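> For reference, the sequence and a predicted model appear below.
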Amino acid sequence: MGWCILAVTLVQCQNCQDIKNNNTGAYIKVVFFLNSTDTTVDTVQITQRNPGAALTSGGEGDAIESASVIFALPSDKLSQTYTIAGTFTDEINQTQSFNRTITVDFNRKISVIRPDCGVSEDITITKVTDANADNEKLVALSGTGIDTTQTEGNVKIFLK
């Protein structure tokens, strides 16, 4: 009888180990568009990103050509500032430079799954702002979840 109780207890503990943070690797995806009327993303030459982009090869100052950048969300804050600089080709085929500093605000919801199994955490992006008031209309929040597989990403940056 004692062995049965021990076996059932061990099985329950194993099930609890499978319950973890829903957002263990929390990321946002910043996507670039030439302007706010564009429906297709634009590829840019990114020359600087800070903090260093997650899931992207190279360091903060290494140039990459991409239509998006994926950044990690910090686990110890509810806001993070990102800087992205680079160049793009405009509609008359001229190279233009851009430099954006955006702040992403988010909240975390902690839920108790079962008293013996710990907690679950969900992250929702609440706001994105540009540090330069003149650029405020050049950034938009496109998704409040942290699913970086979405084509439109979480944050849209309009280059013009």
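Alright, I've got the coordinates.

> Could you count how many residues lie near D76?
Using other Cβ atoms under 10 Å, D76 has 4 neighbouring residues. Quick note: C-beta positions are derived from backbone N, CA and C, even for glycine.

> what pairs with the longest strand along the chain, and is each one parallel or antiparallel?
Taking DSSP state E as the criterion, the chain has its longest strand at strand 95-114. Using DSSP bridges, strand 95-114 pairs in its sheet with strand 79-89 (antiparallel), strand 118-130 (antiparallel).

> could I get those as a markdown table with mean neighbour count, distance to L34 and mean pLDDT?
Output for the strands paired with strand 95-114, formatted as a markdown table (neighbours: other Cβ atoms under 10 Å; distance: least, Cβ to Cβ, whole Å; pLDDT from 0 to 100):
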| stretch | mean neighbour count | distance to L34 | mean pLDDT |
| --- | --- | --- | --- |
| strand 79-89 | 17 | 7 | 94 |
| strand 118-130 | 16 | 17 | 83 |
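
> List the contacts of the residue lying closest to G143 once chain neighbours are set aside.
Residue nearest to G143 in three dimensions, not counting chain neighbours: N154, with 4.7 Å by Cβ to Cβ, 6 or more residues apart in numbering. Going by Cβ atoms under 8 Å, 6 or more residues apart in numbering, N154 touches I28, K29, V30, V104, I125, L141, S142, G143, T144, G145, I146, T148.
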